[in-house]
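K.L.:
Would you be able to build a 3D model of this:
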Amino acid sequence: MRRSKGWLIAVIAAFILLNTACAQPSQQLPTGQAYLTEEHLAEQSTVLLNNNPQVIPLQSLDKIKVASIRFINSNAPVFDSLLNKYTRVQSFNGLTYNGVKGINTLTDDLKLYTTIILQLTDQDLNNNLITNFITTNNKLKNLVIVYWGNGSWLSALDDATTVPIIWMKQTTPVAASYAAQAVFGGVAITQKLMQTMSARYVAGAGFLTAKTRLQYTVPEEVGINANNLLPIEDIAREAVGDHATPGFVVLVAKDGKVIFNKAYGYHTYDKVLSDKITDIFDLASCTKISATTMEAMQLTEQGKLSLDSTVGSYIALARNTSKNNILVRELMLHQSGLIPDIPTYERLKPSDHSTDSSAAYPTKIVDHYYLRKDYFKDVMWPEMLNSPLRTRGQYVYSDLSMYFMKEIMETITATPLNVYVQNHFYNPLGMQTAGFLPLNRFKPEQIPPTENDTYFRHTLLDGYVHDQGAGLVGGVAGHAGLFASANDLAILYQMVLNGGTYGGIQYLKPETVAQFTAKQSNVSRRGLGFDRWDPVTTHHYPSELASPQTYGHTGYTGTCIWVDPKYNLVYILLSNRVYPKDLTLFNSRRIRPRVQDVVYQAIQKGL
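P.N.:
Presented below is the predicted three-dimensional model:
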């Protein structure tokens with residue numbers, strides 16, 4: 001590699017430059033057509049080199065640990081923010097590791113990371129320390145170089161033959177955003193070198209990639225005028241101002257592109273913590289499709305679960321009960337005859353719980369509230385197995401059906417539901433927040449609280465599941481208990497909308513997705529696990545303008561996920577409308593469908 005004699009001067013100058021830049025507010029991205037113009041320029045100037053092993057787009061997100069290192073890239077905040085849409089990426093400021101000793105310290109600090117993304121500029125490549133860092137770490141780690149500049153310093157990377165290089169001439173915030181998305185396949189790389197830049201990087205060199213993950217862009221990218229989405233702001237002001245909910249987050253993805261993702265209001269009405277698009281919400285019954293149904297689909301296509309088998313064929317204790325001959329299909333359609341729920345929490349005895357954890361009281365319900373060992377096995381499960389049946393074949397929405405599905409699937413896989421979906425879906429997809437028991441991984445400040453429970457747990461529920469039954473089983477249930485951010489759900493349901501494929505990996509077969517999401521009942525609008533568009537048009541469910549192909553679910557806490565294949569659309573709204581107590585205003589004001597209507601109206605109006 002080319003060495004600069006004035007490397008020390010360059011390091012000092014770069015250090016001053018970056019620290020000056022970091023003291024300033026981050027640059028704002030343009031909007032509308034201005035964004036599209038810069039995005040097009042970035043696309044036309046982006047070239048991928050040295051991708052023989054097909055490292056780019058990055059794969060196996062559940063098996064790699066990624067770090068991003070900046071030196072004097074002033075657009076690093078934008079770049080790192082976009083990287084973190086796809087998987088967790090730790091950012092490092094390379095210039096805080098000054099001199100040879102500092103660079104060695106940086107290498108040591110990266111020891112637990114498998115993949116290192118280097119953000120480089122012309123000035124960085126004219127720095128002996130940095131090029132030496134590349135040579136040394138290429139032997140130890142999987143490196144990816146993202147280089148913004150005129151290309152004259154590509155020759156400094158002639159020896160880095162095994163390091164993928166994404167090079168673009170543009171040095172704007174939009175170019176930084178585009179490059180980050182290119183690393184993960186959020187955008188395709190379509191160009192090759194137009195001219196020879198060095199002995200290795202000659203005209204015609206380059207590798208092309210396909211778009212395999214979500215892109216993050218502006219509404220105009222998909223033919224929507226951003227101004228036509230402004231009525232969402234009015235609905236938000238109404239909802240928050242009238243205390244229908246403290247706040248909410250909305251995400252809209254169309255044509256595989258996230259075009260709208262905003263947070264409104266606060267975690268609570270005291271307005272201390274503003275809602276953020278990264279906030280983690282209690283999804284309530286959206287758990288049914290985002291966890292339980294996902295596993296059911298995968299096990300069905302693997303031949304391990306049969307929709308036409310009986311509960312008794314999987315669960316031995318059901319064989320001498322009225323639940324023996326219920327079909328799995330009937331559970332998934334809510335047509336099994338099961339009653340809606342059993343409020344066991346109302347019959348808890350003082351001996352059933354303790355303020356301290358112990359072998360006798362191992363199940364944590366909330367802080368200082370522990371349930372006795374085997375309470376589900378001894379009390380809840382027998383009550384469910386012996387509960388009365390209504391008429392089979394009729395539609396009765398029942399949480400009990402998903403308790404049964406969880407028991408069936410855990411019997412098949414010998415794996416807890418939360419572990420299965422984490423390992424088979426959430427982690428491989430790059431979903432960073434999705435999962436049960438969020439307080440095991442995240443701070444309460446990242447989770448908007450739900451109800452101030454005055455009748456069961458006697459505390460404000462923040463990070464603990466709102467649903468009482470799910471609470472009694474320790475936070476992991478088939479009908480409730482899942483927490484996630486809007487971006488995570490967008491990833492999951494873009495995979496479903498894609499027919500089961502995302503990031504180049506097939507999680508589900510298209511025919512499985514089509515079967516479960518289609519109308520499967522003669523007596524209701526339901527699919528298998530999924531709720532659907534209501535053919536009674538006066539109900540305007542889930543939205544006045546949703547197509548008959550629409551499927552998804554709502555959650556009691558004020559959440560919803562709707563996928564409309566006709567419009568290639570994913571719509572997500574997450575709220576904590578039950579804070580501080582369960583009121584009806586959020587539902588009676590129809591906040592979720594009204595926001596959804598605005599999205600459809602904007603699509604119809606176009607540009």
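K.L.:
only C-alpha atoms for contact and neighbour calcs from this point on.
P.N.:
OK.
K.L.:
for residue 483, helix, strand, or coil?
P.N.:
strand (DSSP: H, G, I helix; E, B strand; the rest coil).
K.L.:
Residue 263 now?
P.N.:
strand.
K.L.:
Around it, how many other residues sit close by?
P.N.:
Applying other CA atoms under 10 Å, we find 20 residues neighbouring residue 263.
K.L.:
Then residue 308?
P.N.:
As a measure of burial, residue 308 has 11 neighbours, counting by other CA under 10 Å.
K.L.:
Which element, helix or strand, includes it?
P.N.:
Secondary structure assignment for residue 308, by DSSP states H and E: no helix or strand.
K.L.:
Contact partners for it?
P.N.:
With contact taken as CA atoms under 8 Å, 6 or more residues apart in numbering, residue 308 is in contact with 327, 328, 329.
K.L.:
Next step: those residues restricted to helices.
P.N.:
Judged by DSSP state H, these include 328, 329 as members of helices.
K.L.:
Can you list the residue ranges for strands in the stretch 351-500 of the chain?
P.N.:
353-354, 363-366, 369-371, 435-436, 452-453, 459-460, 482-484 (DSSP state E, counting those that start in this stretch).
K.L.:
Could you dump those into a markdown table and include mean pLDDT and distance to residue 584?
P.N.:
Formatted as a markdown table, those follow (pLDDT from 0 to 100; distance: least, CA to CA, whole Å):
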| stretch | mean pLDDT | distance to residue 584 |
| --- | --- | --- |
| strand 353-354 | 98 | 32 |
| strand 363-366 | 97 | 26 |
| strand 369-371 | 98 | 29 |
| strand 435-436 | 98 | 27 |
| strand 452-453 | 98 | 16 |
| strand 459-460 | 98 | 19 |
| strand 482-484 | 99 | 22 |
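K.L.:
Columns mean neighbour count and distance to residue 305 on top of those, output as a markdown table?
P.N.:
Listed next are these as a markdown table, based on neighbours: other CA atoms under 10 Å; distance: least, CA to CA, whole Å:
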| stretch | mean neighbour count | distance to residue 305 |
| --- | --- | --- |
| strand 353-354 | 20 | 36 |
| strand 363-366 | 22 | 29 |
| strand 369-371 | 22 | 32 |
| strand 435-436 | 26 | 23 |
| strand 452-453 | 18 | 38 |
| strand 459-460 | 16 | 39 |
| strand 482-484 | 26 | 22 |
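K.L.:
still on that earlier bit, quick one: which of the contacts of residue 308 has the most company?
P.N.:
residue 328 (26 neighbours).
K.L.:
Now that one: closest residue in space that isn't a chain neighbour?
P.N.:
Nearest residue to residue 328 in three dimensions, chain neighbours excluded: residue 307, at 4.8 Å (CA to CA, 6 or more residues apart in numbering).
K.L.:
got a list of what that neighbour touches?
P.N.:
Contacts of residue 307 by CA under 8 Å, 6+ apart are 300, 327, 328, 329.
K.L.:
Who are the contact partners of the residue nearest to residue 310 when sequence neighbours are not counted?
P.N.:
Once flanking residues are discounted, residue 310 sits nearest to residue 327: 4.4 Å by CA to CA, 6+ apart. When contacts are counted by CA under 8 Å, 6+ apart, residue 327 touches 307, 308, 309, 310, 311, 336.
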